[in-house]
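structure for the following, please:
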Amino acid sequence: MIEKIKALCVKHREILVYLIVGGLTTLVSWTAKFLWNFLFYAGTAYPGSAQNFVLSVVDWVAGVAFAYPTNRRWVFRSKNPAILKEASGFVLSRVSTLLLNILMMQLLVNVLHVNVYAATVFTAILVIVGNYVFSKLFVFRKTNDDNKGDA
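Numbering: from 1, shown residues only. Just a heads-up that it's a prediction; the model follows:
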């Protein structure tokens, strides 16, 4: 039984590590977001449009700053020597999910009047999935040269 679990963990290592790193990234980004909310907006559960936008950007900046090095090293095990190009691609891919985040937060909080905490959890699920897909397909994609070293 232990061997089967171990084999499954090895087979699905990337997803499992992504979930752990993603959880830590979420913790970092939400801490920044809600700390900002408490420090500058009195911890409101219903921020206005401009406040909501700022909270999304604070969340995003903290998340990206934490996520790139951790995804590079532990999730995707990138050995790409073109770090600036790779990091730029990572940031650009995360801009697309930032836009998704901003759109969803505005819709949920300011149109549907869902509180910021519930909206953040719901939106995070969409963003996490989007971030993984973009990272896997566009940023940390394996080339034939990468696979030669694994054999």
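
can you tell me the element Val64 falls in?
Take DSSP states H and E as the rule and Val64 turns out to sit in helix 49-70.

go on, Ala42?
Judged by DSSP H and E, Ala42 forms part of no helix or strand.

once you drop chain neighbours, what's closest to Thr44?
Asn37 (6.8 Å; C-beta to C-beta, 6 or more residues apart in numbering). Where C-beta positions appear, they are placed from N, C-alpha and C, glycine not excepted.

number of nearby residues for the one you found?
24 (other C-beta atoms under 10 Å).

ok, now Leu107?
13.

what is the biggest helix by length in the chain packed up against?
In the chain, assigned by DSSP state H, the helix with the most residues is helix 13-40. Helices and strands touching helix 13-40, by 3 or more C-beta pairs under 8 Å, 6 or more residues apart in numbering; DSSP states H and E, are helix 49-70, helix 116-134.

circling back: now the residue nearest to Thr44: how far from Ala50?
13 Å (C-beta to C-beta, to the nearest Å).

do the same with Leu98
Counting by C-beta to C-beta, the gap from Leu98 to Ala50 is 16 Å.

neighbour count: those two, which is higher?
Of the pair Leu98 and Ala50, Leu98 is the one with more neighbours under other C-beta under 10 Å, namely 19 against 8.

wait, isn't that one in contact with Trp60?
Yes: the pair Leu98 / Trp60 is scored as a contact, 4.6 Å apart, by C-beta atoms under 8 Å.

contacts only, for Thr16.
Slight slip there: residue 16 is Leu, not Thr. Residues near Leu16 by C-beta atoms under 8 Å, 6 or more residues apart in numbering: Cys9.

looking at it now. What's its pLDDT?
If you check Leu16, the pLDDT there is 95.

any idea how far it lies from Arg73?
Noted for Leu16: a distance of 15 Å to Arg73, by C-beta to C-beta.

kindly report the same for Thr26.
To Arg73, Thr26 is 18 Å away according to C-beta to C-beta.

which one of the two is surrounded by more residues?
More neighbours surround Thr26 than the other of Thr26 and Arg73, with 19 against 11 (other C-beta under 10 Å).

hang on, isn't that one packed against Gly63?
Yes: if you go by C-beta under 8 Å, Thr26 and Gly63 touch, sitting 7.5 Å apart.
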